[in-house]
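Asks: Sequence below, structure please.
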Amino acid sequence: MSNLFKKAIFFTDIHFGLKSNSHIHNADCLNFIDFVIATGKEKQCETCVFLGDWHHNRATINVSTLNHSVTAIDKLSAAFNQIIFIPGNHDEYYRDTRDMNSIVWAKKYDNVRLFNDITMEGDVCIVPWLVKDEHKKIPRIEAKYMFGHFELPNFYMNAMVRMPNVGELRHSSFKGVERLFTGHFHKRQEHETVTYIGNAFPHNYADTGDDDRGCMILEWDGKCEYIAWPGAPKYRRYLLSEVLEYTEKLLDKNMYCRVEIDVDISYEEANFIKEQFIPEFELRELSLMPGKSSEEHAHEFSGQVSFESVDSIVTSHLTQLDSEQYDKALMLNIYRNL
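Replies: Coordinates of the predicted model:
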């Protein structure tokens, strides 16, 4: 029996439709797909593997988002001999079954293989988002490679939050698998035989300073190689004094910046910084946040200058948490009642 692939390019968790169907995000997704295709051709990959969460909203697909999504599949289908497509939790309409998903139409392409059930393909096991008691099957599986979309405890969900020790599976549940490559958690990380490959590109401030994203190249029986997308957006947090002293070094194109004010400045000076820095460095966002020394003067800053409180930042992070184990509404309610 021939191997499932000779050389494959992997990516995961692109999330078309993120940020309320942001045109900028969807355009980033298409540009990333162009990068994947160019990289795959350069590395002579005949196969593309997607590890889950193609769309962000499990219940509805915006028309503009759908157009971007279909265009991306068109491009991938034309570029690779085969595409292995695994549904993630965001792609499933229901939380406890895989009866409906938002990417079912992709199987209409002759070379797109949509795996909606646990499937053995030679020495490779392909696993979509698990439901009900399917976790019981995992320890019995023996395979050279396993590709999936798993939520495993004690791995980092993002740069700051680690998954608690809950759920039925552990990294030790995969003893029969030589290498597991998975999506779901966006931070690239590895422990023993389990590898979260990292999502396509940073999505929000939970990814601050963590740019190890992009795609992965794997030749059968070889070592994996990670390649970052040069055009990826970046998220950063700085002190204003740092930005003023090391402007050229710290600011970059397509960057989202939250800057804490740690020096005395007026409204006019703050507005001038935004008006100058955003176009000069092609920033996507520059939010000025009152520091301890400036909070008592925060009322002086209004209008076009954006300030964010600690409360808004915490609320934003809680809202952006992506896990079946956390009830975001409950966590927000607990925080608001502290």
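Asks: Ramachandran coordinates for Ser77?
Replies: phi -60, psi -40 (degrees, to the nearest 10).
Asks: How about the contacts made by it?
Replies: Residues in contact with Ser77, defined by Cβ atoms under 8 Å, 6 or more residues apart in numbering, are Ile83, Tyr109, Asp110, Asn111, Val112. In short, each C-beta sits where N, CA and C put it, glycine included.
Asks: Can I get the residues you listed in a markdown table including secondary structure?
Replies: Listed next are those as a markdown table, based on DSSP: H, G, I helix; E, B strand; the rest coil:
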| residue | secondary structure |
| --- | --- |
| Ile83 | strand |
| Tyr109 | coil |
| Asp110 | coil |
| Asn111 | coil |
| Val112 | strand |
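Asks: which one among those residues gets closest to Asn101?
Replies: Nearest to Asn101 among the contacts of Ser77: Val112, at 13.4 Å, using Cβ to Cβ.
Asks: Quick check: pLDDT value at that closest one.
Replies: Reading off the confidence values, Val112 has pLDDT 98.
Asks: swap in the one 4 residues further on?
Replies: What the model reports for Asn116 is a pLDDT of 95.
Asks: that older thread, mind checking which of the contacts of Ser77 are buried?
Replies: Those of the contacts of Ser77 that meet the buried threshold are Ile83, Tyr109, Val112, by 16 or more other Cβ atoms under 10 Å.
Asks: just checking, the first one touches Asn111?
Replies: What that stands for is Ile83. Yes. Using Cβ atoms under 8 Å, Ile83 is in contact with Asn111, at 6.1 Å.
Asks: residues near the closest residue in space to Leu18 that isn't next to it in sequence, how many?
Replies: Excluding its sequence neighbours, the residue lying closest to Leu18 (Cβ to Cβ, 6 or more residues apart in numbering) is His56, at 4.4 Å. Neighbour count for His56, taken as other Cβ atoms under 10 Å: 24.
Asks: Give me the distance between His56 and Phe80.
Replies: 24 Å (Cβ to Cβ, to the nearest Å).
Asks: ditto for Ser102
Replies: Look at Ser102 and Phe80: by Cβ to Cβ, they are 21 Å apart.
Asks: Count the neighbours of Tyr246 for me.
Replies: Neighbours around Tyr246, by other Cβ under 10 Å: 11.
Asks: ugh, typo on my part, it should be Arg170
Replies: Considering only other Cβ under 10 Å, Arg170 is surrounded by 13 other residues.
Asks: my guess is it meets Pro153, correct?
Replies: Yes. Look at Arg170 against Pro153 with Cβ under 8 Å: they come within range, at 6.6 Å.
Asks: got any ranges where the chain has weak pLDDT?
Replies: For the chain, applying pLDDT under 70 flags the ranges 1, 292-338.
Asks: Show me how the record splits it into domains.
Replies: Per automatic domain parsing, the domain ranges recorded for the chain read 7-227, 234-307.
Asks: give the contact list for Gly148.
Replies: Leu51, Gly52, Ile86, Ile126, Val127, Pro128, Leu180, Phe181, Thr182, Gly183.
Asks: repeat that for 6 Å
Replies: Val127, Thr182 (Cβ atoms under 6 Å, 6 or more residues apart in numbering).
Asks: Next, it: secondary structure please.
Replies: strand.
Asks: who does it bridge with?
Replies: Val127, Thr182 (DSSP bridges).
Asks: State the distance from it to Ser69.
Replies: 22 Å.
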